[in-house]
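Participant: here is the input, now give the coordinates:
(one chain, ligands or ions: 1)
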Amino acid sequence: MSADYAVHGSIAVISLNNPPVNGLGLATRSAAIEGIRRAEQDPAIKAIVLTGAGKAFSGGADIKEFNSSKALTEPTLHSLIRAVEGCAKPIVAAIHAVAMGGGLELALGCHYRVALPGAQIALPEVKLGLLPGAGGTQRLPRVLGLEMALNMIVSGTPVLSEKLAGTAIFDKLLPAGADLVAEACAFAEGIADLRPLPKVRDRKVDYPDHEAFLQFSRNTVKAVAGPFPAPLECVETVAASVTMEFEAGLKFERERFLHLMQTTECKSLRHAFISERAASKIPDVAPDTPVRAIRKAAVIGAGTMGGGIAMNFANAGIPVVLLETKQEALDKGLATIRKNYENTLKKGKLTQEKFDQRVALVTGTLEYGAIADADIVIEAVFEDMGVKETVFRKLDEVMKPGAILASNTSTLDLDKIAAFTSRPQDVVGTHFFSPANVMKLLEIVRGKATGKDVLATTMALSKKLKKTGVVSGVCDGFIGNRMIEQYFRQAGFLLEEGATPEQVDQAIEKFGFPMGPFRMSDLAGNDIGWYIRKRRYVEKPEVVYSKTADLLCEMGRFGQKTSAGWYDYKEGDRKAYPSAVVNEMIVKHSADIGVARRPIGDQEIVERLVYALVNEGALILEEGIALRASDIDMVYLTGYGFPLYRGGPMFYADTVGLFNVLGAVERFAKGRHGEAWKPAPLLVRLAAEGKGFNS
Ligand code: NAI
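Facilitator: Predicted coordinates for the structure are as follows:
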């Protein structure tokens, strides 16, 4: 059973009981209906209290059911709400902590509602590309009024119960700390004999000149909804609460809900939601693996990454010590951190008190002795194995036993780094993305000796730092950068064959990336890629790159920092202006290597860039570097700006159909630099089986 039944005098108390938030899965719905029937049939029962056991009233539908037929299996949420509303005895919803989505819709089906203050009230379906599909769009406006209900449904933002005082949503708001069930039972006793039973459906939504308001809402929502259809559909269904009879409105809501469920945008958002949760599960690490306490952190290197990483700890309230070799570098790093916090303070996004706390949590040192007692140390020094070796040997010498020794390396072999220490089980990769205090992604690199408790601790830490932690095995570039290299290689080849940087950028930006490869390189610094390629020319001479990026660097065009890269930049302006000299260099290079330039369409550009990611992703998956296809999607959604409404590269490939993706890969394999397009065996196999990466 996932709802409990108890009797308090003449009141039956049905408690939804499906931890953690009483999701309304099939078993819970069935048990709730069962409870209602039982109470209806018992002549000693005069009224019913419907509440949630544990931490919440109800967090709503169980979205895992959306991908199966379970959500549509009787009793559906609709049937449960009908049973509640149609019950011959009054039902009082007793709400605490969370009444969201289907949970709130269920409460709105009850005859009365009492609530504790501090409860989060929301219809957040829009965040999953949906609209409330169990009457929420028709009932909420009937208790809150058109404007407030529309705002809540279009934004999905939770509102605290006490903020809704004075509306018809609650019949009674209890004082903080009240005994919810006892108070709800007392309330139920008081109304038990009143007839007719009040129903939200019988109320009317009054709004003078509602058409003008709705038109205004359509215009505003259209302007901000981007590629997502759900916000506008929310407006249309809420409009039906004014313009249609209740049952017709419900039917309309149902139709629009089912339509949205089938859209790629909605499927992508649901995929991202489920994938984020899946990523935190590591199959061979038990969920109850004991984690090490992280009370003090240290970061080695106060450069671009070190400073941002330190801010993450300070933001989470963990004291952090930055270690540098020279006072000047240390001062510079600390000053940058302070400046970042000052900017946030100025923008009003940080209180003075929080500013003071955070700044005080970051200190600096030149001495290893000052960090020896840290629970975790993250190395963020130059990307050079020799420098990393010196640092890790020193850390091994000074750090207390049990400290986690982490490296922020983006390309180097973590197992080699671990071997510089006598405690490889304590070594892990924590690959932050730049700017480290902003970007959500944290690739957690698992070396061959990394201890399970170290992995579990790092995963828990990523949550504490509000990051999306994704585990990667050891390989050159890990998940994200190994894939992006193929994307950049294709971008380079496209230039040689006839495209311009702006054409490539525009095509992929139209696809939904916030920034194309060339604008991105200009932002990050073209010299970084140059440095990595120079190493690759020695280590992997068989891998071919377009020489255009090297020629660009030889011209001293490192990107925004030199006001010249793939594009020209003006002083104090980040806008990218197409560069005649760069375009000339590219055309000349094509001639030098004997390639006849041809017109290249947007479709080819998008396919070559995105399928290059997908094919490499398939190799990464097959090699076990990524645990699941959805982990790769999370890396790309949270670290590389892959458009959310397309669900990540692997999910996107599934929506295109792997048969079609493979067809394109095979076509490219017959073209120039076909060696870059050897189809990944996993792609070939899944395409032949008619399957997807995520299914
Ligand atoms: P950076 O050059 O900005 O900073 C490195 C800092 O380390 C400098 O302040 C330097 O003084 C200090 N340093 C050098 N040797 C040291 C030593 N022996 N002891 C203490 N401090 C030392 O470099 P950045 O960009 O911060 O990169 C650091 C690491 O993070 C590299 O491994 C890099 O591959 C990785 N990474 C960089 C990203 C980026 O976008 N910049 C993204 C993700 C990872």
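
Participant: near the ligand, which residues of this structure are found?
Facilitator: Applying C-beta under 6 Å from any ligand atom, we find that the chain lies next to the ligand at 300-306, 323-325, 329, 380-383, 387, 390-391, 408-410, 431-434. The way it works is simple: take the backbone N, C-alpha and C, and place the C-beta from them, glycine included.

Participant: ok, now which ones touch the residue in the chain that the ligand sits nearest to?
Facilitator: Among the residues of the chain, G303 lies closest to the ligand, at 1.8 Å counting by C-beta to the nearest ligand atom. Contact partners of G303, counting by C-beta atoms under 8 Å, 6 or more residues apart in numbering, are A329, G333, A380, V381.

Participant: ok, back up a step: buried subset of the residues of the chain next to the ligand, written for PyMOL?
Facilitator: Written as a PyMOL command, the selection of buried residues from the residues of the chain next to the ligand, which uses 16 or more other C-beta atoms under 10 Å, is:
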select buried, resi 300+301+302+305+306+323+324+329+380+381+383+391+408+409+410+431+432+433
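
Participant: inside strands: which ones of the residues of the chain next to the ligand?
Facilitator: When strands are assigned by DSSP state E, the members of these inside them are I300, L323, H431, F432.

Participant: just send those back as JSON lines, with pLDDT and distance to L621 too.
Facilitator: As requested, those are arranged in JSON lines below (pLDDT from 0 to 100; distance: C-beta to C-beta, whole Å):
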{"residue": "I300", "pLDDT": "98", "distance to L621": "33"}
{"residue": "L323", "pLDDT": "98", "distance to L621": "37"}
{"residue": "H431", "pLDDT": "98", "distance to L621": "18"}
{"residue": "F432", "pLDDT": "98", "distance to L621": "23"}
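
Participant: and the furthest pair within those?
Facilitator: Based on C-beta to C-beta, the longest span within these runs between L323 and H431 and measures 19.6 Å.

Participant: and the residue of the chain closest to the ligand, backbone torsions?
Facilitator: Listed backbone geometry of G303 is phi -90, psi -150, with angles given as degrees, to the nearest 10.

Participant: my read is that Q490 contacts L609, right?
Facilitator: Yes - because the distance of 5.5 Å satisfies C-beta atoms under 8 Å, Q490 is recorded as touching L609.

Participant: dump the residue contacts of K570.
Facilitator: K570 is in contact with S563, Y577, counting by C-beta under 8 Å, 6+ apart.

Participant: any low-confidence regions in the chain?
Facilitator: Low-confidence regions of the chain, defined by pLDDT under 70, span residues 1, 67.

Participant: strands of the stretch 251-400 of the chain, start to end?
Facilitator: Listed in chain order, the strands found in the stretch 251-400 of the chain under DSSP state E, counting those that start in this stretch are 297-300, 320-323, 362-365, 376-379.

Participant: partner strands of the second one, parallel or antiparallel?
Facilitator: When you say that, I think you mean strand 320-323. If you go by DSSP bridges, strand 320-323 pairs up with strand 297-300 (parallel), strand 362-365 (parallel).

Participant: from the chain's centroid, how far away is the first one?
Facilitator: For strand 297-300, the gap between its own C-alpha mean and the chain's C-alpha mean amounts to 27 Å (C-alpha atoms, centre = their mean, to the nearest Å).

Participant: can you pull out the residues in contact with that strand?
Facilitator: In contact with strand 297-300 (C-beta under 8 Å, 6+ apart) are residues 306, 309-310, 313, 318-323, 371, 374-381, 391, 395.

Participant: same question, stretch 527-540
Facilitator: Counting by C-beta under 8 Å, 6+ apart, E383, T411, F488, S521, V543, Y545, A549, D550, C553, F558, G559 sit against stretch 527-540.

Participant: what subset of these is buried?
Facilitator: Buried positions within these, assessed by neighbour count (16+ other C-beta under 10 Å), are E383, T411, F488, S521, Y545, A549, D550, C553, F558, G559.

Participant: can you report how many residues neighbour D384?
Facilitator: In terms of burial, D384 registers 13 neighbours under the definition other C-beta atoms under 10 Å.

Participant: need the helices for the stretch 301-450 of the chain, in chain order.
Facilitator: In the stretch 301-450 of the chain, the segments counted as helices under DSSP state H, counting those that start in this stretch are 304-315, 327-346, 352-361, 385-398, 414-419.

Participant: which of those helices is buried the deepest?
Facilitator: Burial among the helices of the stretch 301-450 of the chain, expressed as mean neighbours by mean count of other C-beta atoms under 10 Å, is greatest for helix 304-315, which shows a mean of 24.

Participant: about what we covered before: in CSV: the buried ones among the contacts of stretch 527-540, plus distance to A56.
Facilitator: Shown next, in CSV, are the buried ones among the contacts of stretch 527-540 (distance: C-beta to C-beta, whole Å):
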residue, distance to A56
E383, 46
T411, 44
F488, 46
S521, 46
Y545, 53
A549, 53
D550, 57
C553, 55
F558, 52
G559, 49
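
Participant: tell me which of these fall in strands.
Facilitator: Among the buried ones among the contacts of stretch 527-540, no member falls in strands (DSSP E).

Participant: which of these fall in helices?
Facilitator: Among these, the members falling in helices (DSSP state H) are F488, S521, A549, D550, C553.

Participant: ok, now which ones touch the fourth one?
Facilitator: Going back to what we said before, that points to D550. Counting by C-beta under 8 Å, 6+ apart, D550 makes contact with W530, R533.

Participant: ok, the last one next?
Facilitator: Applying C-beta under 8 Å, 6+ apart to C553 gives the contacts N526, D527, W530.

Participant: same check, this time on the second one
Facilitator: Contact partners of S521, counting by C-beta under 8 Å, 6+ apart, are F488, G529, A549, G559, G565, W566.

Participant: distance between the helix or strand hosting the second one and the chain's centre?
Facilitator: Read that as G529. G529 is part of helix 526-539, with elements assigned from DSSP states H and E. Between the mean C-alpha location of helix 526-539 and the chain-wide mean there is a distance of 31 Å, by C-alpha atoms, centre = their mean.
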